[in-house]
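J.: turn this into a model:
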Amino acid sequence: MSQNQDFKFSNSVLFVPFFSMLLIWVVYWLELKLGVNFNEYGVYPRKIGGLVGVLCSPFIHGSREHLYNNTIPLVVLTAATFYFYRSVAWKVMVFGILISGFLTWIIGRPSFHIGASGLIYVLVSFIFFKGIFTKHFRLIALSLAVVFLYGSMIWYIFPIEEGISWEGHLSGFVVGFVMAYFLKTTVPKEKKFAWEKEDYNEEEDEFMRHFDADGNFIENADSQDEFIINYEFKKDQTKKD
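T.: Residues are numbered from 1 along each chain as shown. So this is what the prediction gives:
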């Protein structure tokens, strides 16, 4: 994998989050416009017909509040994934939706599970754990930012509130962790100072020559060097009247 694939801005950083947001809003608008309810296309656990929700459920929301709560995290986390992990971003999105949806179908309660929150938990988990696994300072900083912004979401992988698909949240969190562990990415190498390199020779360092073995400054460290300065003079050729 090329180092240039990640950590750089591309059109996908804008377009994928924008179209993801547009898609879930259009689906909700169609429900209102047509007077229909798409909830039946959500994941319904352990029913063959409920498997259609593995593909459809992330785009269906039960209320405007539900839609609002998922929109901003989806945009922010998708943009971060495509900026810092562009080489694997599509795998995270596609497999995250499919595997977390199928896992929800296996462990979920007998009800329709809908919403983009499963994918959001995939992205939160992936970004957080991937930063820890890579040990790259910028990605660790991103992990900490995710914890700061969305750390409270961890409680919703447990059944603490009625009407929330904690099974979908838990599925997404587990899938994000697994993909962070197994999906390989190459991060840019950190720049090293000359003294951090293996072939560094302290005796040849121009700066270190100004200090002795005890770290004391040597005033005449360059006294042995000779400098020759040449001055050139030009006669004034201007004629005076």
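J.: if I look at Val16, how far off is Gly42?
T.: Going from Val16 to Gly42 by C-beta to C-beta, to the nearest Å gives 23 Å. Using the backbone N, CA and C atoms, a C-beta is placed for each residue, glycine as well.
J.: what about those two, which has more around it?
T.: Higher neighbour count among Val16 and Gly42: Gly42, with 27 against 20, using other C-beta atoms under 10 Å.
J.: residues touching that one, list them.
T.: 50, 53, 56-57, 60, 112-114 (C-beta atoms under 8 Å, 6 or more residues apart in numbering).
J.: what about the residues you listed, which one has the most neighbours?
T.: Neighbour counts for the contacts of Gly42 peak at Ser57, which has 31 neighbours (criterion: other C-beta under 10 Å).
J.: shouldn't that one be in contact with Ser111?
T.: No: in this structure Ser57 lies outside contact range of Ser111 using C-beta atoms under 8 Å: 11.7 Å.
J.: pull the helix or strand bottoming out on mean pLDDT in the chain out as CSV, backbone CA atoms only.
T.: Lowest on mean pLDDT, DSSP states H and E among the helices and strands of the chain sits helix 137-150, with a mean of 93. What follows is helix 137-150, C-alpha atoms only, in CSV (Å, rounded to 0.1, in the frame of the first residue of the first chain):
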residue,chain,number,x,y,z
PHE,A,137,0.7,9.9,17.0
ARG,A,138,-1.8,11.5,14.6
LEU,A,139,-4.1,8.4,14.7
ILE,A,140,-3.9,8.2,18.5
ALA,A,141,-4.9,11.8,18.6
LEU,A,142,-7.8,11.0,16.4
SER,A,143,-8.8,8.1,18.7
LEU,A,144,-8.7,10.5,21.7
ALA,A,145,-10.9,13.0,19.7
VAL,A,146,-13.4,10.2,19.0
VAL,A,147,-13.5,9.3,22.7
PHE,A,148,-14.0,12.9,23.6
LEU,A,149,-16.8,13.4,21.1
TYR,A,150,-18.6,10.0,21.2
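J.: report the buried residues of that helix.
T.: For helix 137-150, a neighbour-count test (16 or more other C-beta atoms under 10 Å) marks 139, 142-143, 146-147, 150 as buried.
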